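[1] what would the 3D arrangement of this be:
(2 chains)
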Number of protein chains: 2
Amino acid sequence: MSYILENADRPNPITNPNRRRLLAGSTAAMAAAGLAGFTRSAMAQAVADTAIAAKPLPAYVNWKNPESMIVHTASTLETKRSAFGTSIVTPTSQLYIRNNLPAPDASVVADRDGWQVVIEGVKNPRTLSVKDLKSMGLETMAMVLQCSGNGRGLFPNKPSGTPWQVGAAGCVVWSGVPVRVLTEALGGIIDGMQYMTGTGGEKLPEGLDPKSVIVERSVPAKAMADAMLAWEMNGEPIPLAHGGPLRLIVPGYTGVNNIKYIKRLAFTAAQTDAAIQKTGYRISPPGQKGDPSHPSVWEMSPKSWINSPAPETGAVSAGRAQIKGVAFGGLNAVKSVEVSVDGGKTWKTARLVGPDLGRYAWRQFVLPVKLEPGTHTIACVVTDSRGNRQPEGRVENTGGYNNNSWRDHALTITVV
Amino acid sequence: MSYILENADRPNPITNPNRRRLLAGSTAAMAAAGLAGFTRSAMAQAVADTAIAAKPLPAYVNWKNPESMIVHTASTLETKRSAFGTSIVTPTSQLYIRNNLPAPDASVVADRDGWQVVIEGVKNPRTLSVKDLKSMGLETMAMVLQCSGNGRGLFPNKPSGTPWQVGAAGCVVWSGVPVRVLTEALGGIIDGMQYMTGTGGEKLPEGLDPKSVIVERSVPAKAMADAMLAWEMNGEPIPLAHGGPLRLIVPGYTGVNNIKYIKRLAFTAAQTDAAIQKTGYRISPPGQKGDPSHPSVWEMSPKSWINSPAPETGAVSAGRAQIKGVAFGGLNAVKSVEVSVDGGKTWKTARLVGPDLGRYAWRQFVLPVKLEPGTHTIACVVTDSRGNRQPEGRVENTGGYNNNSWRDHALTITVV
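    Numbers count the residues shown, from 1 in each chain, chains lettered A, B, ... in the order given. Next up is the predicted model:
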């Protein structure tokens, strides 16, 4: 009862010739994409997304699923809203990419166990290989990885930087050794060290002041509690594009604080004076450049968004529907999610769906509704386990960081 | 601070020319694979595995990760023990394949929402499309999917059939509509229906009695409680090779009961008389053919195995190490896992690692040990929430089904 199987249903990113390459602004393209039922702004966005999606995948991530990604630039790729699905964990093939510097040469993943990291600011500083780390302990944790600028594209004043919608985020399972296991093994942290500082192993561009380009970030030392040095994500060794062989994972903190190719983990008395920390990734008032007096982009705040119905998946039919999305608390677990189908006038509590992967993961929610023909603005808002509620408005800032406004994330759909 | 990235670290299954094609029995090949530290039988198995792995991926699953798969035949692919990692969920690119018939034509996944399933044995029978199902409800569930014959290769008498070791299994996240939501919507199950019978939508080979080849399985109707009709796995629409557009998921039941391309779901008074049910997948005494008097291969039993250290990952260094593996209860949650490094003479309780994805998922376990030079037999045993303990021995049967013997699954390693 065993036969040769001959069908294939997955596009190969290299060889598949059928990827859609729709033209921006084309009515035919909109019709082809099934966008007839959407309002003008949703249509415009969907068409813009489609146009962006038509850029080919960069070679170093040609293993991503082209149908699920929006390619902004070679170093910034976003997951399409419709690609998030309802399986909680975001497949690596669909996870966003945002790299501040080119990855090291691929030779560093030819001998993953040989990669070394220097541990400083502990009583017995040491250089450890990944092989050493793997013998010291193991933890597995699901965590929302989210770019600091996710939602920047929803700021009306269009801050400079990648105009991410919701797809510069994913829920990822990491495996590695807890940082606290390391520090205990090395005699503990030296007194007075207020920060945990990670340094990335990227090759720095020549001719520039290293401090101006190096990826080196400091977070409060307390963030160490659940942090890990990770070698695996989503069941595979961490791909080079995502920071392998070794990445610092700081759960609850935005993407940039999760240092790729980590070569040094130091407990330090002060924050690093690298530009990416000193002036970059600061919540600075509009029009002002970042400086150390402005809050650093560290912890994530409660946030949720709707993935379905989504503009890019076409017209919405009247009748019974399931409104679906994701919600997370940043540092705290999700307590509840409310959904509105009337632009925030009235709210109903959604059902949380699927296993709970822990406080740093996102939860899926669903609300069954009956949609009447017409135009509706659907929105969602999450409340975390400490009672923090996702705000209606955004905090304006030059960099367009940390947008968790539920109103900015509302979707206007036309039901036919 | 944005640069073009140029590195790639993932082999493309189509274009990567560097896949290892080691020759069976070659000492040089064993050395190249880092097998020097293993005992003869482990070596022989690892070399055999390596030889098998050298078969190319069949075209319909050319998107699988070739480094992680053992290709037995075009319709039977196994995950390498070392590829399981520690992320709980098995990536689809590394999940085993076992298909009883060729998949339908790929055209069926061109319009996934249009796929239809007939629901019978309910008071108001109906034909529903996937689009209909998606509007009716949503559940997400993690479940161990395991071929009925996983572990057959560990039977000493070598039953006929694919000689799976441990890799015809994975932990998969499914999304779909619960069967109980469907039956409630259709007026409930007709009285007296003892079985839930699913029929696969494969095209049947011509010239054969359809009953002799059709994939149609009956399970006790009580299995409906947590069953679902699923359209998504691991964050993506179910690939054709894994049963998309629609698959019946019966958690806790072996793979064959999870009907791919399901076109009919019927509540029936009797089991189907299809050969795959009537005589196939029966626990028949050695030497006897299956018949309806023998137990059907339905529920999975408690089982665990060690993934690391594994023969295929090379010599084991003396000193501190983490023994890692997976454990599941079948129908019940995992309560505890014990590990032995002396062939079962003494046991230590392992730590369960990572989030708990529910009673049908597997748990990872880890036990830190200090390995002395020499030969050691490492083993593990799981106990479920009802106190059922994985047995030492196997139940001998013609088909080589349901091997959950902890002794058969023990690994002998040489530490240097």
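[2] mind pulling up the pLDDT for whichever residue of the stretch 251-400 of chain A sits closest to chain B?
    Residue of the stretch 251-400 of chain A nearest chain B, by Cβ to the nearest Cβ: residue A:354 (3.1 Å). The C-beta positions use only the backbone N, C-alpha and C, and glycine is treated the same way. On pLDDT, residue A:354 comes in at 98.
[3] try residue A:55
    Note on residue A:55: pLDDT of 89.
[4] and the residue in the stretch 101-250 of chain A that chain B sits nearest to, what are its phi and psi?
    Per Cβ to the nearest Cβ, residue A:140 is where the stretch 101-250 of chain A lies closest to chain B, at 3.1 Å. Phi and psi for residue A:140, reported as degrees, to the nearest 10, are phi -130, psi 130.
[5] how about it, nearest residue that isn't a chain neighbour?
    Nearest residue to residue A:140, sequence neighbours excluded (Cβ to Cβ, 6 or more residues apart in numbering or on different chains): residue B:354, at 3.1 Å.
[6] which stretches in the stretch 101-250 of chain A count as helices?
    With DSSP state H, counting those that start in this stretch applied, the stretch 101-250 of chain A shows helices at A:130-136, A:179-185, A:210-213, listed in chain order.
[7] averaged pLDDT, stretch A:401-416. What do you get?
    96.
[8] that older thread, can I get the helices of the stretch 101-250 of chain A in a markdown table including mean neighbour count?
    Shown next, in a markdown table, are the helices of the stretch 101-250 of chain A (neighbours: other Cβ atoms under 10 Å in any protein chain shown):
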| stretch | mean neighbour count |
| --- | --- |
| helix A:130-136 | 19 |
| helix A:179-185 | 19 |
| helix A:210-213 | 15 |
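[9] as TSV, these with distance to chain B would be great.
    Listed next are the helices of the stretch 101-250 of chain A as TSV, based on distance: least, Cβ to the nearest Cβ, whole Å:
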stretch	distance to chain B
helix A:130-136	5
helix A:179-185	10
helix A:210-213	6
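[10] residues of the stretch 201-350 of chain A that sit close to chain B?
    With Cβ under 8 Å from any Cβ of the partner chain as the criterion, the stretch 201-350 of chain A meets chain B at residues A:205, A:213, A:232-237, A:239-241, A:244, A:276, A:280, A:319-322, A:324.
[11] so among the residues you listed, which ones count as buried?
    Among these, the ones that count as buried by 16 or more other Cβ atoms under 10 Å in any protein chain shown are A:213, A:232-237, A:239-241, A:244, A:276, A:280, A:321-322, A:324.
[12] looking at these, point me to the pair that's furthest apart.
    Pairwise distances across those peak at 47.9 Å for A:213 and A:321 (criterion: Cβ to Cβ).
[13] nearest residue to residue A:91 in space, ignoring adjacent ones along the chain?
    residue B:235 (4.3 Å).
[14] quick one: that neighbour and residue A:82 touch, right?
    No: contact criterion Cβ atoms under 8 Å: residue B:235 and residue A:82 do not qualify, at 12.0 Å.
[15] now do the strands in the stretch 151-300 of chain A.
    Along the stretch 151-300 of chain A, the segments classed as strands by DSSP state E, counting those that start in this stretch run A:169-178, A:195-200, A:216-220, A:228-233, A:236-237, A:247-249, A:262-268.
[16] for the closest residue to residue A:141 other than its chain neighbours, what are its contacts?
    Counting by Cβ to Cβ, 6+ apart, residue A:174 is the residue found nearest to residue A:141 once chain neighbours are left out, at 5.5 Å. By Cβ atoms under 8 Å, 6 or more residues apart in numbering or on different chains, the residues touching residue A:174 are A:140, A:141, A:142, A:143, A:228, A:230, A:232, A:233, A:247, A:249, B:87.
[17] and residue A:383, by the same measure?
    With contact taken as Cβ under 8 Å, 6+ apart, residue A:383 is in contact with A:302, A:334, A:335, A:336, A:337, A:338, A:389, A:390.
[18] again, 6 Å this time
    Residues in contact with residue A:383 (Cβ atoms under 6 Å, 6 or more residues apart in numbering or on different chains) are A:335, A:336, A:389.
[19] swap in residue A:349?
    A:336, A:338.
[20] re the thing from before, how many residues are close by the residue of the stretch 251-400 of chain A closest to chain B?
    Look at residue A:354: counted by other Cβ atoms under 10 Å in any protein chain shown, it has 23 neighbours.
[21] and what of residue A:294?
    Number of residues near residue A:294 (other Cβ under 10 Å) recorded here: 18.
[22] again with residue A:269
    Per other Cβ under 10 Å, the neighbour tally for residue A:269 reads 11.
[23] do the same with the one 4 residues further on
    Under the neighbour criterion other Cβ under 10 Å, residue A:273 is assigned a count of 12.
[24] ramachandran coordinates for it?
    The phi/psi pair for residue A:273 (degrees, to the nearest 10) is phi -100, psi 20.
[25] near chain B, which residues of the stretch 51-200 of chain A?
    A:59-60, A:63, A:74-75, A:85-87, A:89, A:91, A:100, A:102-103, A:106, A:109, A:135, A:138, A:140, A:142, A:173, A:175 (Cβ under 6 Å from any Cβ of the partner chain).
[26] any of those residues buried? List them.
    Among those, the ones that count as buried (16+ other Cβ under 10 Å) are A:60, A:63, A:74-75, A:85-87, A:89, A:91, A:100, A:102-103, A:109, A:135, A:138, A:140, A:142, A:173, A:175.
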